[in-house]
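Enquirer: I would like the atomic coordinates for the input below:
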Amino acid sequence: MDALQLVALIAVSAAIAGFARRTPVPAPLLLVAAGLAAAYVPGVPDYTLDPHIVLPLILPPLLYTAAVESSYLDLRANIRPVALLSVGYVLFATVAVGWLAYVLVPDLPLTAALVLGAVVAPPDAVAATAIARRLGLPNRITTILQGESLVNDATAITAYKVALAAAVGEGVSWAGGLGEFALAAVGGIGVGLILMVPIHWLRTHLREALLQNTLSLLIPFVAYAAAEEVGASGVLAVVVVGLFLGHKNWKVDFATRLQEEAVWKMVAFILEAAVFALIGLQLPYVVQGLGRYGIGEAAWYAVGVFIAVVVVRFVWVYPATFLPRWMSVRIREREPEVDWRAPLVVGWAGMRGVVSLAIAFSIPVATEGAEFPARNLVLFLTFTTVIGTLVVQGLTLPPLIRILKLPGRDRYKETLAEAQAQSEASRAAEERLDALLADPANTLPPPLGDRLRTVLERRRNAVWERLGAVNEITGETADDTYRRLAREMIDAEREVFVQLRDARRIDDEMMRSLLRRLDLEEAAAYREEAA
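Expert: You can find the predicted model right below:
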């Protein structure tokens, strides 16, 4: 893939993802469909997934952004269901799907079938949570799906390595497999714990936002590479560092947070768009590689594996949800009541994605003279499973959630909690201001002191106003009207600055400085809307 092809992929993917935001279709599904269609358009170059790029260069930043945006406290509160899905389910799916594929496909060795099971075991880290957030699922379900996606890739990659060693005849025992799994897990967590403190120290002691954001872009790659270098799980290292830094992000200065949020949103948007487009573009490659298997025969195997993947997830999810509650009084007391609808959504939200394809593409044709059996068929079955889950489950998950009428997020309750928190914070700030102004060293002219109090009062009232009545003419709350009028005033100032620059009464440098002040004021006025 040359530079022009890469630019074209990113540009077209971003355009499709942007268009998807204006439609009810989730962006991952539209991107995959576009990739499938483009794969057979004359003139479109071959875009083959390179696992040496996807795993170390694309997976770490995607995991890092998800980890930073996750809640460490929510994940800790739901550690049991998250662990059962991200570790227990992945291992169960590896064995169960592998055995079913072994029974279904003639002449497929059990070891190769287990490799297939490990490859298709982890649900995608992006698609399910993106749909869950868009549809306003209850926080607990979203947290569980997000927590699963953060860790399950590490489990699947380790299981794949063990199964691959057995498939190519390198000889691996149960004890050896468990030892490698323990090393990957403990080592990955250990590397993350070692790195997170010095990285956080650097983030809080670097005084330039530009340097801090440069460090931020390097963090996931450093954590991943450091863990993989010692034979540990790079995925877990990235997740541990991301969770810690996200939990401590309030200690970083505001300029860094503003820049960092914008930078990582752009990075995640570009990577996610390109990744899902790449999935669809793999179709010609996997079909051409089927070899002795006819497309019709392979299609029947693909349907069987897809059904196995879907059914096995439900076979795990329902017992894992209800058996621990039935067996433990403590779990029933600590965790909220669950009915049959929540595990149905969690079970159906098992879309596979680019990690499965990247692992499958990393299967070697041969290792030290030992050929991997049925490699091309495993690639095809992985591709069809990824496409099948994204299309079938991805398209039906939103209507399923609507039909089940799960209790969504209580927006009124959330706004009330936000208003109460802001009120307490404003009260503390007012007390601090009174104490500071009482010191002769902090004497201010009355208008400036009044301005500080006005800004404070504005913050205190803004959230409460969202709970109040709306304007009968515009349908806006008082807070909405305030922000709209503030923007109109700022736009008027901005136009004057540009006119003065064009008339050469101020230079460009001065204009940029003045515009930056307006930008910061506009960002402050619209912070609630952006959130």
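
Enquirer: same question for stretch 496-503, mean pLDDT?
Expert: In this model, stretch 496-503 has a mean pLDDT of 90.

Enquirer: typo on my end, stretch 180-200
Expert: 93.

Enquirer: in that stretch, what's buried?
Expert: Neighbour-count burial for stretch 180-200 flags 180-181, 183-185, 187-192, 194-196, 199-200 (criterion: 16 or more other CB atoms under 10 Å). Placement of C-beta: from N, CA and C, glycine included.

Enquirer: Please identify which of these is nearest to Ala277.
Expert: Gly188 (29.5 Å; CB to CB).

Enquirer: Heading C-terminal from the host helix or strand of the closest one, find the next helix or strand.
Expert: Per DSSP states H and E: Gly188 is located in helix 174-205. For helix 174-205, the succeeding helix or strand toward the C-terminus, using DSSP H and E, is helix 209-229.

Enquirer: so how far is Lys251 from Ala308?
Expert: 47 Å (CB to CB, to the nearest Å).

Enquirer: Counting neighbours, go ahead and name the busier of these two.
Expert: Ranked by neighbour count (other CB atoms under 10 Å), Ala308 and Lys251 place Ala308 first, with 23 against 10.

Enquirer: show me the contacts for that one.
Expert: 96-97, 100-101, 104 (CB atoms under 8 Å, 6 or more residues apart in numbering).

Enquirer: what's Pro324 in contact with, if anything?
Expert: Taking CB under 8 Å, 6+ apart, one finds 80, 84, 331 in contact with Pro324.

Enquirer: Run through the neighbouring helices and strands of the helix holding Gly188.
Expert: helix 139-167, helix 209-229, helix 234-247 (3 or more CB pairs under 8 Å, 6 or more residues apart in numbering; DSSP states H and E).

Enquirer: For the second one, which helices and strands make contact with it?
Expert: What it means is helix 209-229. helix 59-69, helix 174-205, helix 234-247, helix 254-281.

Enquirer: Tally up the residues packed near Val168, please.
Expert: Neighbours around Val168, by other CB under 10 Å: 21.

Enquirer: Pretty sure it sits against Phe372.
Expert: Yes: here Val168 reaches Phe372: they are 5.7 Å apart, a contact under CB atoms under 8 Å.

Enquirer: Give me whichever of the helices and strands packed on helix 209-229 is most buried.
Expert: helix 234-247 (a mean of 26; mean count of other CB atoms under 10 Å).

Enquirer: Would you mind checking the average pLDDT for that helix?
Expert: Rounded mean pLDDT across helix 234-247 is 94.

Enquirer: For it, what is the distance to the chain centroid?
Expert: Taking the mean of its C-alpha atoms, helix 234-247 sits 13 Å from the chain's own mean (CA atoms, centre = their mean, to the nearest Å).

Enquirer: Who are the packing partners of that helix?
Expert: helix 59-69, helix 72-77, helix 139-167, helix 174-205, helix 209-229.

Enquirer: so can I have JSON lines of those helices showing distance to Ala15?
Expert: Shown next, in JSON lines, are those (distance: least, CB to CB, whole Å):
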{"stretch": "helix 59-69", "distance to Ala15": "20"}
{"stretch": "helix 72-77", "distance to Ala15": "34"}
{"stretch": "helix 139-167", "distance to Ala15": "26"}
{"stretch": "helix 174-205", "distance to Ala15": "34"}
{"stretch": "helix 209-229", "distance to Ala15": "24"}
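
Enquirer: what about the stretch 351-500 of the chain, any weak spots by pLDDT?
Expert: 366-371, 408-411, 465-472 (pLDDT under 70).

Enquirer: returning to what we had before: which of the contacts of Ala308 fall in helices?
Expert: The members of these that map onto helices under DSSP state H are 96-97, 100-101, 104.

Enquirer: Which of those residues sits closest to Ile53?
Expert: Among the ones in helices among the contacts of Ala308, Val97 lies closest to Ile53 (CB to CB), at 26.5 Å.

Enquirer: For Val44, see how far away that closest one is.
Expert: Counting by CB to CB - Val97 and Val44 are separated by 32 Å.

Enquirer: again, but for Met489
Expert: From Met489 to Val44 the distance is 49 Å (CB to CB).

Enquirer: So these two - more neighbours on which side?
Expert: Val44 (17 against 14).

Enquirer: Now the more buried one. Nearest residue, chain neighbours left out?
Expert: Ala38 (5.1 Å; CB to CB, 6 or more residues apart in numbering).

Enquirer: now do Gly187
Expert: Using CB to CB, 6+ apart, the closest residue to Gly187 is Ala232 (2.7 Å).

Enquirer: Surely the one you found is in contact with Ala182?
Expert: No: contact between Ala232 and Ala182 fails when scored by CB under 8 Å: they sit 10.4 Å apart.

Enquirer: any idea which of the contacts of Pro324 has the most stuff around it?
Expert: Leu84 (19 neighbours).

Enquirer: what about the residue lying closest to that residue once chain neighbours are set aside, distance to Arg80?
Expert: Leaving aside its chain neighbours, Leu84 sits nearest to Ala320 (4.6 Å; criterion: CB to CB, 6+ apart). Taking CB to CB as the measure, Ala320 falls 9 Å from Arg80.

Enquirer: same deal with Arg330?
Expert: Taken as CB to CB, the span from Arg330 to Arg80 is 11 Å.

Enquirer: Run through the stretch 1-150 of the chain and note the low-pLDDT ranges.
Expert: In the stretch 1-150 of the chain (pLDDT under 70), the answer is 1, 125-136.

Enquirer: Identify the residues contacting the residue nearest to Leu84.
Expert: When contacts are taken as CB under 8 Å, 6+ apart, Ala320 is in contact with 81, 84-85, 88-89.

Enquirer: List the buried residues of the helix or strand that it is a member of.
Expert: Assigned by DSSP H and E, Ala320 falls within helix 295-327. Neighbour-count burial for helix 295-327, with 16+ other CB under 10 Å as criterion, is recorded at 298, 301-302, 304-306, 308-310, 312-313, 315-317, 320-321, 324.

Enquirer: what's the following helix or strand after that helix?
Expert: In N-to-C order, the element after helix 295-327 by DSSP H and E is helix 329-334.

Enquirer: What helices and strands are in contact with that following helix?
Expert: Partner elements for helix 329-334 (3+ CB pairs under 8 Å, 6+ apart): helix 295-327.

Enquirer: Give me the contact list for stretch 204-211.
Expert: By CB under 8 Å, 6+ apart, stretch 204-211 touches 212, 215, 251-253, 255-256, 259.

Enquirer: and Leu55, how many neighbours?
Expert: For Leu55, the count of nearby residues is 22 (other CB under 10 Å).

Enquirer: next one: Thr142
Expert: Thr142, neighbours per other CB under 10 Å, totals 22.

Enquirer: next one: Pro45
Expert: Around Pro45 there are 12 residues (other CB under 10 Å).

Enquirer: doesn't it fall inside a strand?
Expert: No: with DSSP: H, G, I helix; E, B strand; the rest coil as the criterion, Pro45 is coil rather than part of a strand.

Enquirer: State the distance from the residue of the chain most remote from its centre to Leu433.
Expert: Most distant residue from the mean C-alpha position of the chain: Pro440, 50.6 Å away (CA atoms, centre = their mean). Applying CB to CB, the value for Pro440 to Leu433 is 15 Å.

Enquirer: What's the separation between the residue nearest to Leu84 and Trp326?
Expert: For Ala320, the distance to Trp326 - CB to CB - is 12 Å.

Enquirer: Quick check: phi and psi at Val44.
Expert: phi -80, psi 120 (degrees, to the nearest 10).

Enquirer: That one against Gly35, yeah?
Expert: No: look at Val44 against Gly35 with CB under 8 Å: they stay out of range, at 9.7 Å.

Enquirer: residues shared between the contacts of the two?
Expert: Leu281.

Enquirer: Among the contacts of Ala308, give me the pair with the biggest separation.
Expert: Ala96 and Leu104 (12.4 Å).

Enquirer: which of those two has more neighbours?
Expert: Ala96 (20 against 17).
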